[in-house]
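Peer 1: here is the input, now give the coordinates:
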Amino acid sequence: MKIWVLGSRHRNADNCIDWTEDFPYFSNCDLLIINTCSLDRKYYNNNEPKFINDAKKSLFDMLMINNKNIIVILGGTVNWLPVYPIINIGKFANIKEYDVIGEFKQYLENVKKTNYNIEQFYSNYFFKVAQLSSTETYPFARNIAKYNLLRNNIIKNQGNHIIGASLIHRFLGEKSTLNRSEYYTLYDSGQISFLPPPSEISPEEGIDILLSDILGIETKEIPPEWTNTIILPNLEETESKIYEVMEEIEEKRSEIKRLEEKRLNLIKYRKLLWTKGNPLEKIVEDAFKLLGFNEFRKERSNDLEDGIFDFQTTSEYEHGVLEVKGSDTRTSLAHLTQCNKWVEDYLLEGKRIKGIFVPNQYRLKEYPESQEDREHFEPNEHEYARSREICIIPAYELFNAVIEKMKNNPEVTRENIEEKILSINGLCRLVE
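Peer 2: Numbering: from 1, shown residues only. Sure thing, here's the model as predicted:
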């Protein structure tokens, strides 16, 4: 059995995940224990999409496997779970009774009171996602009519309110008879258990007890609190060193994050060599801005030209307008005529415009071996570009210009690039 813990560190677990780490795919373990007591509310608020979009779906997948188990230690934010209790906070109430399986018994001996009760269990998300799931994954999905919550391990306080329980979702299909509908079992989900936080020990110590019981390991006796006041040689210095190292680790994590962002900002320009559609249009825009065309923009709706900028070095043309096209094979004359169509649209407004066609031909062929294919145009296409004063800049040429800009090549300036675009009708090389 693979046991993971989310939210605290335990030596008897196979994997322990901090809240600040990227979440793994939870279905890779058999039992997941979630320590919500350690979830910082501010961190959750600042990173809510990580929980709602990532963890929630991953935990749904885990619960849809009926031999998987999740144990949630209550005490922190839980509304990001695919199934969660709606909690009312109140006065502290003593525990009244519980009827639980073996591994929870010793844990609950350390729960004497809680200050909440569970109003209900919210399962709408879990039910709806199950209904809409792929029938390739869950063949019964589209036959789900409703579900029942099977409850066990019920834990109550002195007011007879539920403060913990284990849940299994039983999905039901509908079978119609002559005068009524009958329901039959389609599938039982995995189990999720909600346990009250310990009141006599820390949540981490409580999880250690759970792990010991589940794994059949003898539980170590917990030292009394007064032992923390006993002074030992070098203890304070050692603890201080631990904090220093932890701070260094945090600084390194920040440095890694900064470097990773820089790395991603560099490698994104490789998209100029292999993408098409919106990703290609976006990276062409980023490339022009890196080359100094900071006002590069979309001026009209998305179904018209793919970008426009203002010429700064000439009064002959007011704007350059772009048609960007990625293709697995060749682009065609139709794409050049489309580029010319945007030019004519602006001419009707009395504006003198230079058309720029940015093709990414044979985008999946290895570069630079495919350069000849990427820049090949038929004679009639060359003639059309010359006669309509269209500058053709293959996407790989933009890529080469970006590389030279990163190398601080003094020849790669906006002024020089504008000069080439203005002077060339047909195939243009930005970097000689």
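
Peer 1: next, give phi and psi for the residue lying closest to E200 once chain neighbours are set aside.
Peer 2: Using Cβ to Cβ, 6 or more residues apart in numbering and skipping the chain neighbours, the partner closest in space to E200 is N110 (4.4 Å). Placement of C-beta: from N, CA and C, glycine included. With angles defined as degrees, to the nearest 10, N110 sits at phi -100, psi 10.

Peer 1: for N110, report the pLDDT, please.
Peer 2: The model reports N110 with a pLDDT of 89.

Peer 1: right, and it touches E204 too?
Peer 2: No. Using Cβ atoms under 8 Å, N110 makes no contact with E204, being 11.9 Å away.

Peer 1: just checking, W19 is part of a helix?
Peer 2: No. Counting by DSSP: H, G, I helix; E, B strand; the rest coil, W19 is not found in a helix; it is coil.

Peer 1: wait, what's in contact with it?
Peer 2: W19 sits next to L6, G7, S38, L39, D40, Y43, Y44 when contact means Cβ atoms under 8 Å, 6 or more residues apart in numbering.

Peer 1: so after the lengthiest helix in the chain, what's the next helix or strand?
Peer 2: Longest helix of the chain, by residue count under DSSP state H: helix 235-267. Scanning forward in sequence from helix 235-267 by DSSP states H and E, the next helix or strand is helix 277-290.

Peer 1: element containing I356, please.
Peer 2: Assigned by DSSP H and E, I356 falls within strand 353-360.

Peer 1: so the closest residue to G102 other than its chain neighbours is in which element?
Peer 2: In this structure, G102 finds its nearest non-sequential neighbour in D213, 6.6 Å apart by Cβ to Cβ, 6+ apart. Element membership for D213, per DSSP H and E: helix 203-215.

Peer 1: closest one of the contacts of W19 to L422?
Peer 2: Y43 (52.7 Å; Cβ to Cβ).

Peer 1: that closest one in helix, strand or coil?
Peer 2: helix.

Peer 1: so what's it up against?
Peer 2: With contacts defined as Cβ under 8 Å, 6+ apart, Y43 is in contact with W19, T20.

Peer 1: separation between it and F311?
Peer 2: With distances taken as Cβ to Cβ, to the nearest Å, Y43 is found 49 Å from F311.

Peer 1: now swap in L32 and tell me
Peer 2: Distance from L32 to F311, by Cβ to Cβ: 59 Å.

Peer 1: ok, the two, which is more surrounded?
Peer 2: Taking other Cβ atoms under 10 Å, L32 and F311 do not tie; L32 has more neighbours (27 against 18).

Peer 1: ramachandran angles for that one?
Peer 2: Per degrees, to the nearest 10, the backbone of L32 is at phi -120, psi 120.

Peer 1: ok, it - contacts?
Peer 2: Listed by Cβ under 8 Å, 6+ apart, the contact partners of L32 are I3, W4, V5, L6, F26, L59, M62, K68, N69, I70, I71.

Peer 1: and it, how far from M1?
Peer 2: 11 Å.

Peer 1: for K365, same thing?
Peer 2: In terms of Cβ to Cβ, K365 sits 49 Å off from M1.

Peer 1: more neighbours, the two?
Peer 2: More neighbours surround K365 than the other of K365 and M1, with 15 against 9 (other Cβ under 10 Å).

Peer 1: which residues in the protein form helices?
Peer 2: Going by DSSP H, the chain shows helices at 41-46, 48-49, 56-63, 102-108, 124-132, 203-215, 235-267, 277-290, 333-347, 371-374, 379-387, 395-406, 414-423.

Peer 1: lowest average confidence, helix or strand, in this protein?
Peer 2: When the helices and strands of the chain are compared on mean pLDDT, DSSP states H and E, helix 102-108 comes out lowest with a mean of 84.

Peer 1: tell me which residues in that one are buried?
Peer 2: Using 16 or more other Cβ atoms under 10 Å as the burial criterion, the residues of helix 102-108 that qualify are E103, F104, Y107, L108.

Peer 1: likewise for stretch 103-122?
Peer 2: Result for stretch 103-122 [16+ other Cβ under 10 Å]: buried residues E103, F104, Y107, L108, N110, V111, T114, N115, Y116, N117, I118, F121.

Peer 1: got TSV for those, with distance to N179 too?
Peer 2: TSV is the format used below for the buried residues of stretch 103-122 (distance: Cβ to Cβ, whole Å):
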residue	distance to N179
E103	47
F104	44
Y107	49
L108	47
N110	54
V111	49
T114	47
N115	50
Y116	45
N117	41
I118	38
F121	33
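
Peer 1: of all those residues, which two lie farthest apart?
Peer 2: E103 and N115 (24.8 Å).

Peer 1: residue contacts, the closest residue to Y25 other than its chain neighbours?
Peer 2: Nearest residue to Y25 in three dimensions, chain neighbours excluded: S58, at 5.7 Å (Cβ to Cβ, 6+ apart). By Cβ under 8 Å, 6+ apart, the contact list for S58 reads F23, P24, Y25, F26, S27.

Peer 1: with G426 instead?
Peer 2: Per Cβ under 8 Å, 6+ apart, neighbours of G426: H382, A385, R386, I390, C391, I392.

Peer 1: of those, closest to Y317?
Peer 2: The closest of those, once distances to Y317 are taken by Cβ to Cβ, is C391, at 10.7 Å.

Peer 1: do you know how far S123 is from L32?
Peer 2: 18 Å.

Peer 1: pLDDT weak spots in this protein?
Peer 2: 177-178, 217-223 (pLDDT under 70).

Peer 1: all strands for the stretch 51-200 of the chain, in order.
Peer 2: 69-73, 84-98, 113-122, 144-157, 162-176, 181-195 (DSSP state E, counting those that start in this stretch).

Peer 1: which one of the ones you listed is the most hemmed in?
Peer 2: strand 69-73 (a mean of 24; mean count of other Cβ atoms under 10 Å).

Peer 1: just checking, what packs against that strand?
Peer 2: In this structure, strand 69-73 packs against strand 31-35, helix 56-63, strand 181-195, helix 203-215, with contacts taken as 3 or more Cβ pairs under 8 Å, 6 or more residues apart in numbering; DSSP states H and E.

Peer 1: need those in JSON lines with distance to V343, can you?
Peer 2: Shown next, in JSON lines, are the helices and strands packed on strand 69-73 (distance: least, Cβ to Cβ, whole Å):
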{"stretch": "strand 31-35", "distance to V343": "60"}
{"stretch": "helix 56-63", "distance to V343": "47"}
{"stretch": "strand 181-195", "distance to V343": "60"}
{"stretch": "helix 203-215", "distance to V343": "67"}
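
Peer 1: ok, which of those comes nearest K420?
Peer 2: Evaluated over those, closeness to K420 peaks at helix 56-63, with 48.8 Å, by Cβ to Cβ.

Peer 1: R9 and I17 touch, don't they?
Peer 2: No. Between R9 and I17 there is no contact under Cβ under 8 Å: 9.5 Å.
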